[in-house]
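Colleague: Sequence first, predicted model second:
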Amino acid sequence: MAHLGVARANTLEAKTSQGADADAARVRALAGYKDFLALWKDADSDIPILEQAKGEYAKLQ
C-alpha cells in the first residue's frame, strides 16, 4: 500500500508542478504504480483498490 501512496503523491506533484519537476514526478509516479501492480499481480482482480490503481496508472500513461 505504501507504493500506491507514493505513486499517488507523485501524481499530485506532477499535476501541480511545471517543466522538469513535473516530468520527474510523473516518472516516479509511474514507477510507484508499476511496483504496486507487480506486488499485487497474483491478487484477485476484483479487489477495489487494485482496480482503482490500475485505472489511475492507465490515466497517467
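Modeller: On my side now, so go ahead.
Colleague: now residue 21, what's its secondary structure?
Modeller: helix (DSSP: H, G, I helix; E, B strand; the rest coil).
Colleague: got a list of what it touches?
Modeller: The contact partners of residue 21, by Cβ atoms under 8 Å, 6 or more residues apart in numbering, come to residue 13. In short, each C-beta sits where N, CA and C put it, glycine included.
Colleague: With residue 1 instead?
Modeller: residue 49.
Colleague: how about 10 Å then?
Modeller: For residue 1, the contact set (Cβ atoms under 10 Å, 6 or more residues apart in numbering) comprises 36, 39-40, 49, 53.
Colleague: Of the residues you listed, which pair is most distant in space?
Modeller: 39 and 49 (12.1 Å; Cβ to Cβ).
Colleague: Common neighbours of these two, please.
Modeller: Applying Cβ under 10 Å, 6+ apart, one finds that residue 39 and residue 49 are jointly contacted by 1, 4.
Colleague: so how many other residues sit close to residue 36?
Modeller: By other Cβ atoms under 10 Å, the residues close to residue 36 number 24.
Colleague: What strand or helix carries the residue nearest to it when sequence neighbours are not counted?
Modeller: Leaving aside its sequence neighbours, residue 36 sits nearest to residue 3 (Cβ to Cβ, 6 or more residues apart in numbering; 3.9 Å). Taking DSSP states H and E as the criterion, residue 3 maps to helix 2-16.
Colleague: Over to residue 32?
Modeller: Using DSSP H and E, residue 32 falls within helix 19-39.
Colleague: ok, and for the helix or strand just after that helix, which residues are buried?
Modeller: Where DSSP H and E defines the elements, the next helix or strand beyond helix 19-39 is helix 48-60. For helix 48-60, a neighbour-count test (16 or more other Cβ atoms under 10 Å) marks 50, 53, 56-57, 60 as buried.
Colleague: Okay then, goodbye and thanks.
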